[in-house]
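Q: give me a model of this one.
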Amino acid sequence: MDTSSIIEQILSRDNLNKAYLQVVRNKGAESVDGMKYTYTVSSKYLV
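A: A predicted model of the protein is given here:
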């Protein structure tokens, strides 16, 4: 199994943007793991 390919997919700009936008849509609400997320990253770095 090529783990570098998996890491590249996870850390791809498109995937990180999707994750960030999901956090914004959820307003940082807890998910099934019970962890709340505070998003403070400037949107100029994403999207």
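Q: check contacts around Gln9.
A: Asn15 (CB atoms under 8 Å, 6 or more residues apart in numbering). Heads up, the C-betas are built off the backbone N, CA and C, glycines and all.
Q: give the next helix or strand downstream of the host helix or strand of it.
A: Here Gln9, judged by DSSP states H and E, is contained in helix 3-10. Next along the chain after helix 3-10, taking DSSP H and E as the criterion, comes helix 13-25.
Q: returning to what we had before: restricting to C-alpha, output the helix holding Gln9 in CSV.
A: What follows is helix 3-10 as a C-alpha-only set of coordinates in CSV (Å, rounded to 0.1, in the frame of the first residue of the first chain):
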residue,chain,number,x,y,z
THR,A,3,0.8,5.6,2.1
SER,A,4,2.3,8.7,0.5
SER,A,5,-0.5,8.7,-2.1
ILE,A,6,-3.1,8.5,0.7
ILE,A,7,-1.4,11.4,2.6
GLU,A,8,-1.3,13.4,-0.6
GLN,A,9,-5.0,12.8,-1.1
ILE,A,10,-5.9,13.8,2.5
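Q: that helix to helix 13-25, inter-axis angle?
A: Computed by axes from the mean of the first three to the mean of the last three CA atoms, to 10 degrees, the angle separating helix 3-10 from helix 13-25 equals 50 degrees.
Q: buried stuff in helix 3-10?
A: When burial is assessed from 16 or more other CB atoms under 10 Å, helix 3-10 yields no buried residues.
Q: that helix - what's its average pLDDT?
A: Summarised as a single mean, pLDDT over helix 3-10 is 86.
Q: same check on stretch 32-46?
A: Mean per-residue pLDDT for stretch 32-46: 62.
Q: all numbers from here: first residue = 16
A: Will do, 16 is the new start, and the previous item becomes stretch 47-61.
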